[in-house]
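> Next come a sequence and a model predicted from it.
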Amino acid sequence: MEQEYYVCTGCALLCDDIEIEVTDNKLSKVNNACLKGVARLKECAKPAECKVDGSNVNIDDAIKEASSILKNAPNPLIFGMGNSTTGAQKKAIELAKRTNAYIDDTSSFCQGPVIEAILGDRIRTCTLDEVKDYADVIVYWGADPSNSHPRHLSKYTYFPRGKERQRGWEEDRTAICIDVRKSDTAIICGDKFYQIPPQADEELIDALVSALSGKVPKVSFGMGPKKILELANLLKKAKFGVVCVGLGLIYSLSDIEPLVKLMNKLNDVSNFHLIPMVGQFNMRGFDHNLHEETGYINRARFQESGVEHGPQCSIVELLRTKNVDAALVIGSDPMSSLPGSIAKELLDIPVITIDPCMTMTSKKAKVAIASVTSGAECGGTAIRMDGVEVEFKPMIPTDSLSDEEILSRIMEAL
Amino acid sequence: MTNALEIYQLLPKTNCKQCGKATCMAFGAALLSREVTIDDCPPLKEDKFRENYEKLSQMITPSGEASESGMIVHTEKCIGCGNCVVACPVNVAEDPYGAGSGKAPTNENVILRVEDGVVRLSNVNQCRRFGKNKIMCNGCIVTCPTKAIEFV
Amino acid sequence: MGFGQFLAAPEYDLKIITYRDIFQNTALESSRGGEEYLNRSAVIKIDVNDMKKMGFKEKSNVILKNSFARVVVSVQLSEYEEAHEGIAYMTNSPWSNALVSADDGTGVPKFKMITATISDAKDEKITTYDI
């Protein structure tokens, strides 16, 4: 019998070779996925319940209350969607239009600038399948996939055999890690780990650009010109290079320009691509969908007069300046992931959550709506971190509603 | 899981060399890799070691394939990244287009695979570290980010 | 009763870098709010020399304080081999997020650049969140 494979929605690597065992309509075993993927796909320890003001209600009442909050709020915010299917994301965008809402996602404070530069053709990218078949130099910069995307190295970048990479990782590929700390990934990279002080990324970029231009590179921290030239030479000699960019790099740059400059320089002297290490399984999908609709990937507001965009429309600024009066949070937990000083503003406005699990946000929410885990209990499509669309089917049956169905019902009730 | 030290604790510790090894520790290691058998140690058959002999028989015979090549997986450290699954030369040879190409293993001949988020061993007699003519392969150790695999 | 209790515990400046830890992340998915998540989150890891200089005991409680918050977490030795005095590590969690600044108008919090002081928490218990 042909083995049936499923897709893991544990992160934006969307591993498509998952085998499952089902007992009593529950996942009893999830094979080939990493620890993190297994934990996400299996049932939550505390599944969400439908609640209004802390009391259990049926889903119809929760949906009714949610739509009435959105209808009555002059400045609502819709946030999250990184753990939702493309279908649900499109519904959320439609709902934002209907309610003249602000709409933002986690890319607003993580990979947004990189995805924007890729969609705007300012940075050259490639697919992970190409990396597997051709890449000989792989750079992880400010990223620790061993903890964030455990199968990144084994499934695509470093260890697998690919078309032009048949001799194995020891001979065929070089993995480099640039980071402020010796992460688990840095350990695998061995002597190709380049440690830099916090906030020194831009300085190293400048030094690398100098080195790649044939000048003597200099930095103010303890990395000598020889070490930097050695790194520059590894990059220069690459036949097919890829820089996998993590939050460590993004957070230390005030804007994306130094990275654009480095990638341009690398492509003058070599052949380089960039892949953002996207976290939630379909965050990139949301950015694509909103971009298609508005030309912006995040931080947008729908109004009669058109679409407003900018930092003032970001979740952090909206909460900080108290410019929203209701929030619909889908598959995200801003109460735990935002800075405390920003998250506390959520306590002052009516919040609606749609999530399969109980979260810090859903516990404080005025309305909590229980949904299903996308990928486990409902199918759909999503965009992998490298921009490739992946279709997936559900693993187990459910009676509960998906994010998409819940959003449709909220819209019907408006 | 068994390690050489546990075995050593049960040996006579006299370094009598009757087994042909220089020390009891060396004999213990050889026992672990199945190079020798318990009966190759004459003093162990003496009455005063009977209890130890029985304990060793339980440790060394079929119990846990895992120990046969001396490989120990610390499952509490394993993150299920599958680096070892893809890097293992036996996996690559047995399943070049599955495990060797970064995908789910496609046959039963592989020796490492990830089940429910952690690595699981099978067919360990195929491991290059197994048996008499073993090779000190370390493909699964050096690729493990959390030091979850070790050989004893 | 020691004289020490009338003195404020000395405070030391630290830069805190946040990082991802798969076991902490897995605990979030599988036992949100559980003890394991707390044990893996409400922790600051500091350099061995800092530990000596500051006089903390492994796994004792410390106060982390800046203008945004004051949290009590457990202090542990970093497993890190090379010295990193003055720099400490915390996983992403409500405990580290409490200390993150987000007031520069960019909409991007400074998740990986936290400055705070650290001092002995004496008998104070670890800060809890309703997770």
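The structure has been received and is ready for your questions.
> When you work out contacts or count neighbours from here on, use the C-alpha atoms and nothing else.
OK.
> For A:L204, see how far away the closest residue to A:A143 other than its chain neighbours is.
Distances taken as CA to CA, 6 or more residues apart in numbering or on different chains put A:G246 closest to A:A143, at 4.1 Å, once the chain neighbours are dropped. As defined by CA to CA, to the nearest Å, A:G246 lies at a distance of 16 Å from A:L204.
> And those two? Which one has more around it.
Neighbour totals were compared for A:G246 and A:L204, and A:G246 leads with 23 against 20 (other CA atoms under 10 Å in any protein chain shown).
> Pull up the per-residue confidence for that one.
pLDDT recorded at A:G246 is 97.
> what's it in contact with, if anything?
A:111, A:140-144, A:276-278 (CA atoms under 8 Å, 6 or more residues apart in numbering or on different chains).
> try it again with 6 Å
Taking CA atoms under 6 Å, 6 or more residues apart in numbering or on different chains as the criterion, A:G246 is in contact with A:142-143, A:277.
> Wasn't A:L231 part of a strand?
No: counting by DSSP: H, G, I helix; E, B strand; the rest coil, A:L231 is not found in a strand; it is helix.
> Let me see the ranges of the strands in chain B.
B:71-73, B:112-115, B:118-121, B:149-151 (DSSP state E).
> Quickly compare these and say which is most buried.
Neighbour counts (mean count of other CA atoms under 10 Å in any protein chain shown) averaged over each of the strands of chain B peak at strand B:112-115, with a mean of 24.
> That one close to chain A?
Yes: shown here: strand B:112-115 in contact with chain A (CA under 6 Å from any CA of the partner chain) through B:114-115.
> What average pLDDT does that strand get?
96.
> Using the record's assignment, carve the chain into domains.
Since you didn't name a chain, this refers to chain A. For chain A, the structural domains run A:46-107+A:281-387+A:400-413, A:112-276, going by automatic domain parsing.
> think we crossed wires, I meant chain B
For chain B, automatic domain parsing gives the domain ranges B:4-63, B:69-151.
> Out of all residues in chain B, which is the farthest from the middle?
Computed with CA atoms, centre = their mean, the residue of chain B farthest from its C-alpha average is B:D47, at 29.3 Å.
> Do you know the pLDDT at that residue?
On the pLDDT scale, B:D47 gets 87.
> In contact with it, which residues?
No contacts exist for B:D47 under CA under 6 Å, 6+ apart.
> what sits against B:G139?
Neighbouring residues of B:G139 by CA under 6 Å, 6+ apart: B:87-88.
> can we see that at 8 Å?
B:G139 neighbours (CA under 8 Å, 6+ apart): B:84, B:87-89.
> Give the burial count for the residue nearest to A:I315 when sequence neighbours are not counted, as a bare number.
In space, A:I315 comes closest to A:D104 once its chain neighbours are excluded; the distance is 6.4 Å by CA to CA, 6+ apart. Counted with other CA under 10 Å, the neighbours of A:D104 add up to 27.
> and if you look at the one 3 residues further on?
The burial metric for A:S107, expressed as a neighbour count using other CA under 10 Å, is 26.
> which SS class is it?
helix.
> any idea how far the residue nearest to A:A143 lies from chain C?
11 Å (CA to the nearest CA, to the nearest Å).
> go on, A:S314?
Relative to chain C, A:S314 is positioned 6 Å away (CA to the nearest CA).
> show me the contacts for that residue.
A:104, A:108, A:298-300, C:107.
> And the helices in chain C?
C:22-31, C:35-41, C:48-54, C:94-97 (DSSP state H).
> Adding distance to C:I126, write the strands of chain B out as JSON lines.
Listed next are those as JSON lines, based on distance: least, CA to CA, whole Å:
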{"stretch": "strand B:71-73", "distance to C:I126": "34"}
{"stretch": "strand B:112-115", "distance to C:I126": "36"}
{"stretch": "strand B:118-121", "distance to C:I126": "32"}
{"stretch": "strand B:149-151", "distance to C:I126": "34"}
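> Make CSV out of those strands and add distance to chain C.
As requested, the strands of chain B are exported to CSV (distance: least, CA to the nearest CA, whole Å):
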stretch, distance to chain C
strand B:71-73, 17
strand B:112-115, 16
strand B:118-121, 12
strand B:149-151, 17
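> Mind checking those strands for the one nearest to A:N25?
A:N25 lies closest, by CA to CA, to one member of the strands of chain B: strand B:112-115, at 19.1 Å.
> Need the residues that contact the closest one.
A:29-34, B:80, B:82, B:84-85, B:88, B:91, B:105, B:119-122.
> Cool, thanks, talk later.
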